[in-house]
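Asker: Model the structure of this input:
(2 chains)
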Amino acid sequence: DAKTTQPTSMDCAEGRAANLPCNHSTISGNEYVYWYRQIHSQGPQYIIHGLKNNETNEMASLIITEDRKSSTLILPHATLRDTAVYYCIVRVPRNNNNDMRFGAGTRLTVKP
Amino acid sequence: GAVVSQHPSWVICKSGTSVKIECRSLDFQATTMFWYRQFPKQSLMLMATSNEGSKATYEQGVEKDKFLINHASLTLSTLTVTSAHPEDSSFYICSANQNPGAGGYTFGSGTRLTVV
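Answerer: Residues are numbered from 1 along each chain as shown, chains lettered A, B, ... in the order given. Modelled structure (predicted):
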């Protein structure tokens, strides 16, 4: 699975959009981009995933560049409860026996 | 949506004893589940892949005799930390995928193990 690079930490003002970048320059054609977040002392929570098209759901938007070498997770109106570590993972959704491996992630702090 | 239940949420045990952690997929069947360990201020590290009806696959450096995994049914996997020591104190998390080859994985809420 391709490696990813994320900033160690970011701050965001409450109510503003949080834009979390992820570089995955070695991504291959059949690898998807997944985003998870982990609030302190909880299990990770799935946010969104995509292959090449931009995706949006009730939690966030995922913008993938045309060359697919980077992506941005957008939380449109960050709240204090969005403070968490955000993980960008690139992998091929193979068969069932396919693990999810985590990097260091970005620690997002939403401030009042 | 898919729910993975993990129990207990926290446990304190004495050094040398064994502790069992359960991971259940509540509304779907999971032939494969995954176990992670997370130390303070670190990321999740995959420990092993639990396969229903067969032996688990362990990551390099994880002692299979110390971390016993049993996946006896399509909805339950257990991790037993045997002869626990203080260095085994950690946050243990399981996960499963309701739709393999499709969307994201669902994670349990984690188990905080403290060995005293």
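
Asker: pLDDT (mean, whole number) over stretch B:11-25?
Answerer: Mean pLDDT, computed over stretch B:11-25, is 97.

Asker: Could you pull out the buried residues of it?
Answerer: Neighbour-count burial for stretch B:11-25, counted by 16 or more other Cβ atoms under 10 Å in any protein chain shown, picks out B:11, B:13, B:19, B:21-25. Bear in mind the C-beta positions are built from the backbone N, C-alpha and C, glycine included.

Asker: Which pair of those residues spans the longest distance?
Answerer: Within the buried residues of stretch B:11-25, B:C13 and B:S25 form the most distant pair, 25.7 Å apart (Cβ to Cβ).

Asker: Confirm for me that A:V90 is in contact with A:N23.
Answerer: No: taking contacts as Cβ atoms under 8 Å, A:V90 lies outside contact range of A:N23: 10.0 Å.

Asker: The most centrally placed residue in chain A pairs with what?
Answerer: With distances taken as Cα atoms, centre = their mean, the residue of chain A nearest its centroid is A:W35 (3.2 Å). Judged by DSSP bridges, the bridge partners of A:W35 are A:I48, A:C88.

Asker: leaving aside the residues next to it on the chain, what's closest to A:L20?
Answerer: Using Cβ to Cβ, 6 or more residues apart in numbering or on different chains and skipping the chain neighbours, the partner closest in space to A:L20 is A:L73 (4.4 Å).

Asker: now swap in A:G50 and tell me
Answerer: Excluding its sequence neighbours, the residue lying closest to A:G50 (Cβ to Cβ, 6+ apart) is A:L62, at 4.8 Å.

Asker: on contacts alone, who are the packing partners of whatever helix or strand that neighbour lives in?
Answerer: Secondary structure from DSSP states H and E places A:L62 in strand A:61-64. If you count contacts as 3 or more Cβ pairs under 8 Å, 6 or more residues apart in numbering or on different chains; DSSP states H and E, strand A:61-64 packs onto strand A:32-38, strand A:45-50, strand A:55-56, strand A:70-75.
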